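J.: using only what follows, build the 3D model:
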Amino acid sequence: MKRSLMKRSTVRLLTCLASTFWLPAYLPAAVPQNPINESVVTDQQLSTLIQSLKAEDVLQRRRAVAALHNVGPAGILALPELTRTLSDQDPRVAKGAATAIGSFGPQGRSALPALVSLLSSDVDYLVHSVSLAIGAIGGPDNKRAVKELLLRTSPKLGTPLIYSSYANRFPETALKQMVELLSDRDEKTRSRAVGGIGHLVNYLHKEPMITLTEEQRNELGKQLFASLNDESLAVRYSAARALISLDPEYRSQVTPQIIEALAQQEDGWQDAAGLLRPVPAKAIPELLTALEGDQFVDPTNGTLALAYMADQSQPALQRCLQHDSASVRNAAAKALGWYTFSDYKNEVTGILLPSLNDQNTDVQLCSAESIASLQGDKMSACVPVLTRMLRHEESGKRSRAAVSLHLMGPAAISSVAALQKTLADPDLEVRYQSALALVAIDKKESAVTLPILASAMTNGDPKSLYFRNRAVQAAGELGPISKPIDGVLESLLEIGDDKRKGGIAARAAEALIKIDPAKAPAAVDVLASIVADPKFRSSMARRYSIEALVRQSVHAQPAVASLAELAALERGSFRIDAAVARVKIDCDHAEEGWQVIREKYLAKDERSRRRVLRTILKYDVDPTPLLKELSTMVAQQPAAPHVLEAVELIGKCGPAAAPAIPALRELLDHSEVSVRDAAQHALSKIQ
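T.: Numbers count the residues shown, from 1 in each chain. Here you go, the predicted structure:
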């Protein structure tokens with residue numbers, strides 16, 4: 001590792017030396033190699049730059065336009081030649097010329113015709129720079145520039161180019177032109193213009209992009225409300241979003257347009273559903289009306305939008321379960337199994353139970369799947385439906401039934417015989433899912449799954465990677481029962497130069513430890529090598545290996561050196577995981593590990609601090625050595641983003657955390673319910 005770091009440092013040093021001493025010798029001599037300051041530019045330097053714009057060497061021309069940009073308004077004499085350079089065959093030269101002209105401000109007005117002609121270019125970054133130059137110069141041509149930026153999309157962000165710089169640099173001009181474009185003939189232009197207005201006036205910006213008077217806000221609101229009647233659904237939906245951005249109080253008034261868009265969309269329903277979530281009293285009845293009126297292209301979107309408002313939408317979804325349309329009933333059953341109902345699992349399970357007898361098999365299966373995912377007290381009631389679905393003619397339904405039985409675990413014990421039969425199913429996925437379900441339900445009866453698990457492990461099809469990983473983990477869960485296929489697992493430990501094999505090798509190593517502790521040394525060596533190998537620096541294989549070493553800490557002592565080396569790095573993925581894992585595994589030298597953890601926690605980076613606390617919680621490490629720092633933070637920074645995790649860890653310290661009691665009592669009045677509850681729980685553990 002040290003040798004690798006030294007090698008990289010040497011390469012960087014040589015690169016710097018090359019840039020400093022050798023590279024200038026190859027740069028065109030006509031262009032000054034030192035940055036030119038506007039206040040000290042000479043006529044001779046300016047003349048040299050103007051001449052360089054005509055050079056045959058493209059690098060020389062690029063350097064010239066960049067230098068003229070640095071010169072700024074003092075280089076106005078170069079405007080005629082820069083205007084000619086806008087037609088340069090090299091787009092980067094033309095881009096640089098546009099940027100330089102923009103630095104002249106209104107003085108560059110004579111270049112406007114040439115700039116406007118470039119707005120139809122196929123090169124997006126050139127159009128963007130040309131638009132910024134037009135914005136700096138000012139005038140009516142900005143309307144066309146804004147339209148071009150709205151219609152072009154950033155290849156990196158996927159958002160209109162207007163958001164890149166123009167809207168930030170010229171917000172007043174951008175807003176004026178986008179308002180005018182609300183009446184454009186082109187539907188896409190109108191839709192993008194409305195969206196751009198919403199971006200400019202969004203109340204969620206930490207610092208407003210534009211400040212409007214009350215009169216301006218009201219006038220803008222009128223124009224956006226007018227767009228709610230546009231013939232295009234896309235424009236109406238964008239107008240609704242923009243009005244919410246302008247003033248959240250408009251949310252209830254634009255609910256019909258949001259539901260209309262939601263009803264016609266096949267994808268992207270989460271965005272519209274999120275807009276409705278804060279106004280359940282208005283949204284739920286209208287969603288229900290739309291669902292019952294068969295207005296939805298995909299009823300699932302409407303029912304999942306209802307699920308976003310779980311605490312108030314149960315009666316509406318229950319009503320949907322009685323709808324004449326099977327697709328609506330099916331969607332409602334699916335929505336009720338969503339995670340938002342986990343706090344009401346027993347109540348929702350009771351709502352779903354009658355649908356297990358629905359006349360439509362899709363509704364039956366969806367209801368059973370939702371009951372299984374809720375994990376309520378009566379979830380075993382869905383086992384007969386799922387067992388019957390294992391014999392369905394459609395392989396997809398058979399596979400879904402096996403997945404839900406797997407999720408239920410031992411509660412699905414009555415399905416074991418049916419699952420054993422499906423191990424011979426003609427469909428490969430059904431066989432895999434049935435084997436995994438049997439392991440989760442009854443390990444004693446799972447020896448029959450070993451051939452299926454071994455087959456999944458050796459399946460080289462990339463589409464079967466999920467099943468390879470799950471099969472390896474299932475073999476580990478079976479422990480000594482999997483002894484007959486440990487040779488297959490050992491063959492997966494070979495990684496070579498292919499980093500893609502790291503994940504499966506790490507899982508196989510942990511499985512071997514569970515199956516045969518005598519093979520732990522070799523398996524731990526594999527896990528340690530993944531932790532130490534630089535090619536896994538940003539790979540989830542490294543994280544899994546660290547987690548596996550913690551889970552198998554009894555055998556993991558030989559890997560401590562690799563963990564310590566990773567934790568000591570100044571930069572790199574998973575170094576916090578490595579530091580906490582070292583403390584968990586190496587109790588005799590825990591203080592060395594805690595020193596690294598303290599350094600990470602006391603760093604200014606809030607994200608790293610929170611990551612430290614979450615990792616300690618994840619690995620269930622005794623946080624007492626960090627108690628002083630945690631108590632200080634809770635007392636001095638009760639509003640810190642990671643205060644919840646800090647309070648949980650203080651509570652885990654028990655009576656030793658008595659000095660933190662006053663600070664915890666202060667948190668009983670915290671604005672966040674979760675923090676108040678955590679503080680109360682921590683106090684109960686300490687006292």
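
J.: from here on, contacts and neighbour counts on C-alpha atoms
T.: Noted.

J.: other residues contacting stretch 234-245?
T.: 187-188, 190-192, 194-195, 197-199, 201-204, 221, 224-225, 227-230, 250-251, 254-255, 257-258, 261 (CA atoms under 8 Å, 6 or more residues apart in numbering).

J.: just the buried positions in it, please.
T.: Using 16 or more other CA atoms under 10 Å as the test for burial, stretch 234-245 gives 234, 235, 236, 237, 238, 239, 240, 241, 242, 243, 244, 245.

J.: residue 429: which of the residues you listed is nearest?
T.: Proximity of the buried residues of stretch 234-245 to residue 429 (CA to CA) peaks at residue 234, which lies at 40.2 Å.

J.: pretty sure that closest one sits in a helix.
T.: Yes - counting by DSSP: H, G, I helix; E, B strand; the rest coil, residue 234 is part of a helix.

J.: and the average pLDDT for stretch 155-166 is what?
T.: Here stretch 155-166 scores 85 as its mean pLDDT.

J.: try stretch 313-322
T.: Here stretch 313-322 scores 92 as its mean pLDDT.

J.: now do stretch 258-278: distance from first to last residue.
T.: Terminal residues of stretch 258-278 are spaced 13 Å apart (CA to CA, to the nearest Å).

J.: buried residues, that stretch. List them.
T.: Neighbour-count burial for stretch 258-278 [16+ other CA under 10 Å]: 258-264, 269, 272-273, 275-277.

J.: what's it in contact with?
T.: Residues outside stretch 258-278 that contact it (CA under 8 Å, 6+ apart) are 233-234, 237, 240, 251, 255, 283, 286-287, 290, 295-299, 301-302, 304-306, 308-309.

J.: show me the two of the buried residues of stretch 258-278 that sit farthest apart.
T.: 264 and 277 (18.5 Å).

J.: in JSON lines, list the buried residues of stretch 258-278 along with distance to residue 376, secondary structure and pLDDT.
T.: Shown next, in JSON lines, are those (distance: CA to CA, whole Å; DSSP: H, G, I helix; E, B strand; the rest coil; pLDDT from 0 to 100):
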{"residue": "258", "distance to residue 376": "34", "secondary structure": "helix", "pLDDT": "95"}
{"residue": "259", "distance to residue 376": "32", "secondary structure": "helix", "pLDDT": "95"}
{"residue": "260", "distance to residue 376": "35", "secondary structure": "helix", "pLDDT": "94"}
{"residue": "261", "distance to residue 376": "35", "secondary structure": "helix", "pLDDT": "93"}
{"residue": "262", "distance to residue 376": "31", "secondary structure": "helix", "pLDDT": "93"}
{"residue": "263", "distance to residue 376": "31", "secondary structure": "helix", "pLDDT": "93"}
{"residue": "264", "distance to residue 376": "34", "secondary structure": "helix", "pLDDT": "90"}
{"residue": "269", "distance to residue 376": "28", "secondary structure": "helix", "pLDDT": "81"}
{"residue": "272", "distance to residue 376": "30", "secondary structure": "helix", "pLDDT": "90"}
{"residue": "273", "distance to residue 376": "26", "secondary structure": "helix", "pLDDT": "90"}
{"residue": "275", "distance to residue 376": "30", "secondary structure": "helix", "pLDDT": "92"}
{"residue": "276", "distance to residue 376": "28", "secondary structure": "helix", "pLDDT": "94"}
{"residue": "277", "distance to residue 376": "26", "secondary structure": "coil", "pLDDT": "91"}
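
J.: how about those residues in a markdown table, adding distance to residue 670?
T.: Compiled in a markdown table, these are given as follows (distance: CA to CA, whole Å):
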| residue | distance to residue 670 |
| --- | --- |
| 258 | 35 |
| 259 | 36 |
| 260 | 39 |
| 261 | 39 |
| 262 | 37 |
| 263 | 40 |
| 264 | 42 |
| 269 | 34 |
| 272 | 31 |
| 273 | 29 |
| 275 | 27 |
| 276 | 28 |
| 277 | 24 |
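
J.: which one of the residues you listed is nearest residue 680?
T.: Among those, and counting by CA to CA, the member closest to residue 680 is residue 277, at 29.7 Å.

J.: what are the phi and psi angles of that closest one?
T.: Dihedral angles of residue 277 (phi, psi; degrees, to the nearest 10) stand at phi -50, psi -40.

J.: tell me the spacing between it and residue 254.
T.: 13 Å.

J.: swap in residue 651?
T.: 46 Å.

J.: and the helices in the stretch 251-400 of the chain, which stretches?
T.: With DSSP state H, counting those that start in this stretch as the criterion, the stretch 251-400 of the chain has helices at 255-264, 269-276, 280-292, 299-307, 310-320, 326-336, 345-352, 361-374, 383-389, 395-408.

J.: and these: which comes nearest residue 657?
T.: Here helix 345-352 is closest among those (CA to CA), at 35.5 Å.

J.: follow-up on the earlier one: just the buried members of the contacts of stretch 258-278?
T.: Burial by neighbour count, 16+ other CA under 10 Å: within the contacts of stretch 258-278 this picks out 233-234, 237, 240, 251, 255, 283, 286-287, 290, 295-296, 298-299, 301-302, 304-306, 308-309.

J.: circling back: write the PyMOL selection for whichever of the contacts of stretch 234-245 are buried.
T.: Here is the PyMOL command that selects only those of the contacts of stretch 234-245 that count as buried (16+ other CA under 10 Å):
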select buried, resi 187+190+191+192+194+195+197+198+199+201+202+203+221+224+225+227+228+230+250+251+254+255+257+258+261
